[in-house]
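Engineer: pasting a predicted model and its sequence here:
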Amino acid sequence: MQLLVFEARSENEIDAAFASLVRLHAGALVVASDPFFTQRNEQLVALADFTQPNGILLSPDEKKLYVIDTGFTDGGPSHIRVFDCDIETGKLTNGKVFADGFAPGISDGMRCDVDGNVWCSGVRCYSPSGDLLGKIHLPETCANLVFGGPLRNRLFVCGSTSVYALYMGTQGALK
């Protein structure tokens with residue numbers, strides 16, 4: 001599967017892309033009915049070697065791009081990969097496995113805190129170098145998470161049937 005990336009010139013283009021239907025076509029994630037792609041008739045394939053790309057996250061300094069591959073459901077890997085990201089050119093280099101070992105489960109959503117630690121559904125926290133710092137065990141499967149509250153120090157976790165709110169000793173990154 002391919003990860004398609006495009007440069008939006010305005011918020012309207014971003015809104016149009018995410019409001020469009022997303023469909024799977026010939027092993028690539030395609031944004032359908034997007035006037036940006038239709039007018040320019042181009043797509044930039046940034047990465048083409050995922051089984052099932054899922055969550056995506058930029059580090060707070062926008063120098064690292066994290067992508068979750070939930071491919072184990074299709075016989076592939078279940079891990080998070082990290083890439084050096086040149087935000088000006090859109091080039092991704094030096095890809096490597098950042099974190100793995102969470103199969104048979106999968107990870108989906110990701111967020112960074114102000115220290116650049118990566119929080120992913122499951123709920124696990126990794127240092128910027130990929131070391132597992134800790135886990136939060138919940139009684140059900142978690143799909144996504146986000147930092148919120150007035151101080152951005154509350155972690156909201158979306159479970160299968162519940163939403164959990166946990167006060168943390170850190171804050172969510174602004175970017």
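Structural biologist: Here it is on my side, so go on.

Engineer: now for residue 116: which residues touch it?
Structural biologist: 59, 60, 61, 128, 173 (Cβ atoms under 8 Å, 6 or more residues apart in numbering). All C-beta spots, glycine's among them, are computed from the backbone N, C-alpha and C.

Engineer: now do residue 109
Structural biologist: Going by Cβ under 8 Å, 6+ apart, the list of residues near residue 109 reads 55, 120, 121, 143, 144, 145, 146, 158.

Engineer: go again with 7 Å.
Structural biologist: Contact analysis of residue 109 by Cβ atoms under 7 Å, 6 or more residues apart in numbering lists 55, 120, 121, 143, 144, 145.

Engineer: could you do residue 96 as well?
Structural biologist: 81, 82.

Engineer: and the gap between it and residue 88?
Structural biologist: Here the distance between residue 96 and residue 88 works out to 22 Å (Cβ to Cβ, to the nearest Å).

Engineer: same check, this time on residue 172
Structural biologist: 25 Å.

Engineer: how about residue 59?
Structural biologist: Relative to residue 88, and taking Cβ to Cβ, residue 59 is found at 16 Å.
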